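Colleague: need the 3D shape of this:
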Amino acid sequence: MNAFDFSPLFRTAIGFDRLAHALESAHRSDGSGYPPYNIELTGEDRYRITMAVAGFGTAEIDIETQDNMLKVTGKKTADVTDRQYLHRGIANRNFERSYQLADYVRVKGAELKDGLLHIDLAREVPESMKPRRIEIRSDGEKLIEGQADAA
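Modeller: Have a look, this model is predicted:
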């Protein structure tokens, strides 16, 4: 596997630290593909991550967000029964998956059903960040106090 150094790309860029971190973490990903997952668009600014976590219970899965990063961790408890398998095709190992979230994307909820973990996300842009229309005055019009805020 080749090692990539992304630092030359960011020598003259200021304020792109999160982009550099995202590129480096994508390059470092384990690539195991476990557990498999889907990311779907469920509506305008609504998303759903679905992970196949057969054999895991709600007490064995942790979901946390911090600094625009969503981390899903599965820690399997030790199997106390003494079983003898002829074939073991169901993965029974711990996992950790991380997802970089865009600004204003928040986790709305999670549900474990039929071996699938569904995590619902939504982008909630604050009103102050949304585009707004600015009225243009002509030369003869006077600005009425308080009117600028309403525009």
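Colleague: hey, where'd the strands end up in this structure?
Modeller: Ranges of strands within the chain are 37-43, 46-52, 61-66, 69-74, 95-100, 105-113, 116-123, based on DSSP state E.
Colleague: so what touches the last one?
Modeller: Looking back up the chat, that one is strand 116-123. Identification of contacts with strand 116-123 by CB atoms under 8 Å, 6 or more residues apart in numbering yields 42, 45-53, 56, 61, 63, 70, 72, 101-102, 104-112. Yep, even glycine has a C-beta here, placed from its N, CA and C like the rest.
Colleague: hang on, Val105 packs against Ile39?
Modeller: No. When contacts are counted by CB atoms under 8 Å, Val105 is not listed as touching Ile39 (11.8 Å).
Colleague: between those two, who's got more neighbours?
Modeller: Taking other CB atoms under 10 Å, Val105 and Ile39 do not tie; Val105 has more neighbours (20 against 12).
Colleague: now the buried members of the contacts of strand 116-123.
Modeller: 47-51, 53, 56, 61, 70, 72, 101, 105, 107, 110 (16 or more other CB atoms under 10 Å).
Colleague: span of stretch 60-75 from start to end?
Modeller: 5 Å (CA to CA, to the nearest Å).
Colleague: would you mark the buried spots in that stretch?
Modeller: Buried residues in stretch 60-75 (16+ other CB under 10 Å): Ile61, Leu70, Val72, Gly74.
Colleague: what separates that stretch from the chain centre, distance-wise?
Modeller: 10 Å (CA atoms, centre = their mean, to the nearest Å).
Colleague: who touches that stretch?
Modeller: Stretch 60-75 has contacts (CB under 8 Å, 6+ apart) with 18, 35, 49, 51, 53, 56, 76-77, 94-103, 105-107, 110, 112, 117, 119, 121.
Colleague: also stretch 35-48?
Modeller: So stretch 35-48 is contacted by 49-53, 74, 91, 95, 97, 105, 118-125 (CB under 8 Å, 6+ apart).
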